[in-house]
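what follows is a protein structure lacking sequence information:
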Ligand SMILES: Cc1cc2nc3c(=O)[nH]c(=O)nc-3n(C[C@H](O)[C@H](O)[C@H](O)COP(=O)(O)OP(=O)(O)OC[C@H]3O[C@@H](n4cnc5c(N)ncnc54)[C@H](O)[C@@H]3O)c2cc1C
Ligand code: FES
Ligand code: FES
């Protein structure tokens, strides 16, 4: 076992991990931050996306020990300080960007990474960025609309087509 | 996953020393190795992470007009930093996997793995790159030795890749729709002394150079020059549920034409 410490959503945390402990297991099992989901565990679905030092990564495809000293952000840290939903989360609610909600934590974290890098993406850029985030319910249109709305742009009328 | 020790050295020397132990294996971005470990297809006793080694990261232009990329540089960084000097390579890096894969996966890991459908092998072979390791320099023409096989020895790590910057280049990737790896990918690079064409995803022997196209394009760098060539032989090409060997062979020609037309 090795000791790791990192900042998760602004708080310093530490714990003992095995070499093989994945970041997602450390977050969920040790820190009880179960908002980060495991959809596939094979690096394909993006339900486990978190930010490590500001970059979107799949927490099921990174070892916890590799995040030693890093700043990690998860879905639990996304809400505003008064507990209300942040802009992206609120847009997902307003535009029905979720149904079962399983993919949503990863979608929101990917959307946040996209908007940080590209504050006014085109619809095509949003779809391209979400290439690694799979949703089994929504058909994606409303997720794309939510992200466009969160970026302060006009929302394409795709869902009505 | 079987358990193992994970160490995070901060210099190449320390990493090489740690890899001297039996059953030790380097860990790059883990985007291939971690799924492999989960399937218990590998059982190292120790993983030597290369991600904390600053001297293995970064992109810079050399005096002899090559791009030198640290072996531990992730795809996202290459996409960004190569954009001005070598747009063909930046575009290739920007289309590997998805954003989360690009923030972890590295050029060294991709070349060490030499997946027959991976993108970087086409760029390395298509530019005649030099693969630098902790021990030696290997020319791309000698480095790739068939599917998942390379000239690397046990414990040898890729510390840098030097790719001569072409006058014009382009990579065309025909995506396998489920994995989004290349069903076929073609990298074309034009230099003052000739054109190189490297094909990934197609052959059972891994990445290869299409010499007939190189000869034709070296005398006439136009999509029309490819038209006159016969389609490469599909019998040695990968045949699976995504496409037959003949289908892949056909794509090689189509994508080569597209790459020439789009080269910048
Ligand atoms: C969903 C998904 C989609 C992907 N799509 C594509 C795609 O479209 N195109 C594509 O090309 N790739 C794709 N990949 C693969 C990705 O590019 C990997 O990052 C890459 O192949 C391996 O790099 P890595 O740094 O993650 O290496 P790792 O997974 O850490 O290691 C791979 C192998 O290389 C060895 N190794 C690692 N670094 C070094 C080094 N510096 N020197 C020597 N040996 C080393 C390891 O021991 C291991 O055997 C995809 C991966 C995923 C998960
Ligand atoms: S759980 Fe990590 S990508 Fe699916
Ligand atoms: S809302 Fe159910 S998987 Fe996306």
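Yes, it's here. These figures come from a predicted structure and were not determined experimentally. Ligands and ions are numbered 1, 2, ... in the order given.

show me what contacts residue A:57?
Residue A:57 is in contact with A:23, A:49, A:50, A:51, B:100, B:103, B:104, counting by CB atoms under 8 Å, 6 or more residues apart in numbering or on different chains. Yep, even glycine has a C-beta here, placed from its N, CA and C like the rest.

ok, residue B:152 next?
B:112, B:133, B:158.

how does it look with 7 Å?
By CB atoms under 7 Å, 6 or more residues apart in numbering or on different chains, the contact set of residue B:152 is B:112, B:133.

can you pull out the low-pLDDT segments for the chain?
Chain wasn't specified; assuming chain A. Along chain A, the model assigns pLDDT under 70 to residues A:157-161.

what parts of it come near ligand 3?
Taking CB under 6 Å from any ligand atom as the contact definition, chain A meets ligand 3 at A:98, A:99, A:100, A:101, A:102, A:103, A:135, A:136, A:137, A:138.

most neighbours of all those residues, which one?
residue A:103 (27 neighbours; other CB atoms under 10 Å in any protein chain shown).

from residue A:46, how far out is the residue lying closest to it once chain neighbours are set aside?
In this structure, residue A:103 finds its nearest non-sequential neighbour in residue A:135, 4.4 Å apart by CB to CB, 6 or more residues apart in numbering or on different chains. Distance of residue A:135 to residue A:46, computed by CB to CB, to the nearest Å: 9 Å.

could you do residue A:146 as well?
Residue A:146 is 16 Å from residue A:46, by CB to CB.

for residue B:61, grab phi and psi.
phi -90, psi 140 (degrees, to the nearest 10).

touching, it and residue B:67? I think so.
Yes: using CB atoms under 7 Å, residue B:61 is in contact with residue B:67, at 6.1 Å.

shared neighbours, these two?
In contact with both residue B:61 and residue B:67: residue B:85, using CB under 7 Å, 6+ apart.

sec struct for the residue lying closest to residue B:247 once chain neighbours are set aside, please.
Of all residues not flanking residue B:247 in the chain, residue B:234 sits nearest, at 7.5 Å (CB to CB, 6+ apart). With DSSP: H, G, I helix; E, B strand; the rest coil as the basis, residue B:234 sits in coil.

next, count neighbours for residue B:234.
When neighbours are counted by other CB under 10 Å, residue B:234 registers 19.

contacting residues around the longest helix seen in chain A?
As assigned by DSSP state H, the longest helix anywhere in chain A is helix A:104-117. For helix A:104-117, contacts defined as CB under 7 Å, 6+ apart pick out A:35-37, A:46-51, A:55-56, A:75, A:78, A:88-89, A:92, A:98, A:121, A:126, A:129-130, A:133, A:135, A:143, A:147, A:150-151, B:99.

list the buried residues for it?
When neighbours are counted by 16 or more other CB atoms under 10 Å in any protein chain shown, the buried residues of helix A:104-117 are found to be A:104-115, A:117.

equivalent analysis for stretch B:159-173, please.
Buried, per 16+ other CB under 10 Å, within stretch B:159-173: B:159-166, B:168-173.

what about that stretch and ligand 1, touching?
No: on the criterion CB under 6 Å from any ligand atom, stretch B:159-173 is out of touch with ligand 1, staying 7.0 Å away.

from the chain's centroid, how far away is that stretch?
10 Å (CA atoms, centre = their mean, to the nearest Å).

same question, stretch B:179-191
The answer for stretch B:179-191 is 10 Å, by CA atoms, centre = their mean.

over to stretch B:42-58?
18 Å.

now the end-to-end length of that stretch.
With CA to CA, to the nearest Å applied, stretch B:42-58 spans 29 Å between its terminal residues.

circling back to that earlier point, tell me the one of the buried residues of helix A:104-117 nearest ligand 3?
residue A:104 (6.0 Å; CB to the nearest ligand atom).

just the pLDDT for the residue of chain B found nearest ligand 2.
Minimum separation of chain B from ligand 2 (CB to the nearest ligand atom) falls at residue B:100, amounting to 7.7 Å. Per-residue pLDDT puts residue B:100 at 98.

so where do the helices sit in the chain?
This is for chain A. Going by DSSP H, chain A shows helices at A:23-25, A:87-94, A:104-117, A:123-129, A:141-150.

please go with chain B instead
So, for chain B - with DSSP H - the helices run B:12-19, B:33-38, B:75-81, B:87-94, B:99-104, B:107-113, B:120-127, B:140-143, B:211-219, B:223-227, B:245-262.
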